[in-house]
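J.: coordinates only, no sequence provided:
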Ligand code: 5AD
Ligand code: SF4
């Protein structure tokens, strides 16, 4: 850790203490503990950021509550598609009424949507009750910004166009005691023509491998057995470090951490997936048998317009190589339907790739026009009705393909990490297989956070029903 980082973490620790003092007075006045709630939209990166933000708030003395009727509400926003933005406006309507009843309530917004100047202008004109706005690059400053808001009594807006530094060693809370996400890099340099991420998350920056290893070792000493290494494009990890290292090499080092049992990562860009990485995955005892490999489209013509830098054939060859080297690998993907210029023939190429790649599951999205991206000004936008009709057809094929994939493991016994009670049936536990699929099985709560063997009795599309085997 260099001295600059130490001092930034120390500065923020001082602000946390200062906020704590101010908030204690407020809590005394109100005769109760102050509560906070973070609503997170979007991807794993945002969820990870929210854990860091929660860590800061808890050190100030706030206690978490599960409703937005809280003393401090933070919306960690996403802007990858228009419907993500719409959701945030929906929440703001509700927050306004809560704040009427509790005038001391603080409303804060952060995340990707705040990195768009037009959004912030709109918010400050139409939602004047917002107390704090910050972006993706300065989340570590939450305590400082909150302190400024508390002291000045006026709204605070702090937005940076670019990231200045990676700040290490800030507090964080974990949703699960036994598994955790770990940022290995931030930002993206790929500029896929539909995507707003490079504009709102900035250029690619990797954390030093030593910092990553140290953080994971610390987590493992606290009981974490599974980590998910997070980055928009993990396959290009380490390229911009002063001493460059490959993602495959980072994985080798993470693998050596004693006590760590499972390693996952996301997201992999197909253009950067190296043979070295495939070999490391193949030979690893800890890296899970799952790869998220977004294809976006099966049409070479559209892939070019999307600036993806691979073709239908090269993608399928990569899948073939992966299947050959790691036969038990589960593959998942992201697909966009209705990208500008998509013809029926392009769409059929996508369907063809879904069938040939044999995805275990696929996240499917209707193309959403993002202002400022090259695709937004492409002329041949696809009519919504056409895109929606294709989307429905795609869903059917994805369901069919993934059902036949999950079916093939029925009857087998597999090791799962038990994550908690099943959402659908409180009498059941939910465990995650190495290949990322879930299995629900009847057992008692004391297994949560532990590994056990489960027989996969019945495939239910995206998950299984099973029975624990005690040998
Ligand atoms: N419209 C629809 N889907 C998008 N994605 C990114 N940008 C857009 C957009 N403008 C999808 C991609 C990406 C996933 C995280 O979100 O499939 O992989
Ligand atoms: Fe967006 Fe492409 Fe970067 Fe993924 S790789 S975040 S889709 S620009």
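T.: In hand now; what should we look at? Remember, it's a predicted structure, so these values are computed and weren't measured experimentally. Numbers count the residues shown, from 1 in each chain. Ligands and ions are numbered 1, 2, ... in the order given.
J.: drop to CA atoms for contacts and neighbour counts, all remaining ones
T.: Noted.
J.: how about the strands in the stretch 151-300 of the chain?
T.: 156-158, 179-183, 185-186, 205-206, 226-230, 262-266, 290-292 (DSSP state E, counting those that start in this stretch).
J.: quick one: average confidence on the last one?
T.: Right, strand 290-292. Taken as a whole, strand 290-292 has an average pLDDT of 98.
J.: what helices and strands are in contact with it?
T.: strand 262-266, strand 330-337 (3 or more C-alpha pairs under 8 Å, 6 or more residues apart in numbering; DSSP states H and E).
J.: repeat that for the fifth one.
T.: For strand 226-230, the packing partners by 3+ C-alpha pairs under 8 Å, 6+ apart come out as strand 179-183, strand 262-266.
J.: each with direction, which strands does it pair with?
T.: strand 179-183 (parallel), strand 262-266 (parallel) (DSSP bridges).
J.: quick one: is it near ligand 1?
T.: No - using C-alpha under 6 Å from any ligand atom, strand 226-230 stays clear of ligand 1, with a minimum separation of 12.8 Å.
J.: contact partners of that strand?
T.: 44-45, 178-185, 216, 260-267 (C-alpha atoms under 8 Å, 6 or more residues apart in numbering).
J.: what do you get if the cut-off is 6 Å, keeping everything else the same?
T.: Contacts with strand 226-230, where a contact means C-alpha atoms under 6 Å, 6 or more residues apart in numbering, come from 179, 180, 181, 182, 183, 184, 261, 262, 263, 264, 265, 266.
J.: which one (most neighbours) among those?
T.: Greatest neighbour count in those, by other C-alpha atoms under 10 Å, goes to residue 184: 25 neighbours.
J.: how about residue 422, phi and psi?
T.: Main-chain dihedrals, residue 422, degrees, to the nearest 10: phi -70, psi 140.
J.: distance check, it against ligand 1.
T.: Using C-alpha to the nearest ligand atom, to the nearest Å, we find residue 422 at a distance of 26 Å from ligand 1.
J.: and if you look at residue 180?
T.: Taking C-alpha to the nearest ligand atom, one finds residue 180 at 20 Å from ligand 1.
J.: what's the local residue count around the residue lying closest to that residue once chain neighbours are set aside?
T.: Leaving aside its sequence neighbours, residue 180 sits nearest to residue 227 (C-alpha to C-alpha, 6 or more residues apart in numbering; 5.0 Å). Neighbour count of residue 227, defined by other C-alpha under 10 Å: 22.
J.: do residue 92 as well
T.: 18.
J.: same deal with residue 126?
T.: 10.
J.: ok, it - contacts?
T.: Taking C-alpha under 6 Å, 6+ apart as the definition, residue 126 has no contacts.
J.: before we move on, back to that, want to throw the strands of the stretch 151-300 of the chain into a markdown table with distance to ligand 2?
T.: Formatted as a markdown table, the strands of the stretch 151-300 of the chain follow (distance: least, C-alpha to the nearest ligand atom, whole Å):
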| stretch | distance to ligand 2 |
| --- | --- |
| strand 156-158 | 23 |
| strand 179-183 | 14 |
| strand 185-186 | 10 |
| strand 205-206 | 13 |
| strand 226-230 | 12 |
| strand 262-266 | 11 |
| strand 290-292 | 12 |
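J.: turn these into a markdown table, columns for distance to residue 315.
T.: Converted to a markdown table, the strands of the stretch 151-300 of the chain look like this (distance: least, C-alpha to C-alpha, whole Å):
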| stretch | distance to residue 315 |
| --- | --- |
| strand 156-158 | 41 |
| strand 179-183 | 27 |
| strand 185-186 | 24 |
| strand 205-206 | 26 |
| strand 226-230 | 22 |
| strand 262-266 | 17 |
| strand 290-292 | 13 |
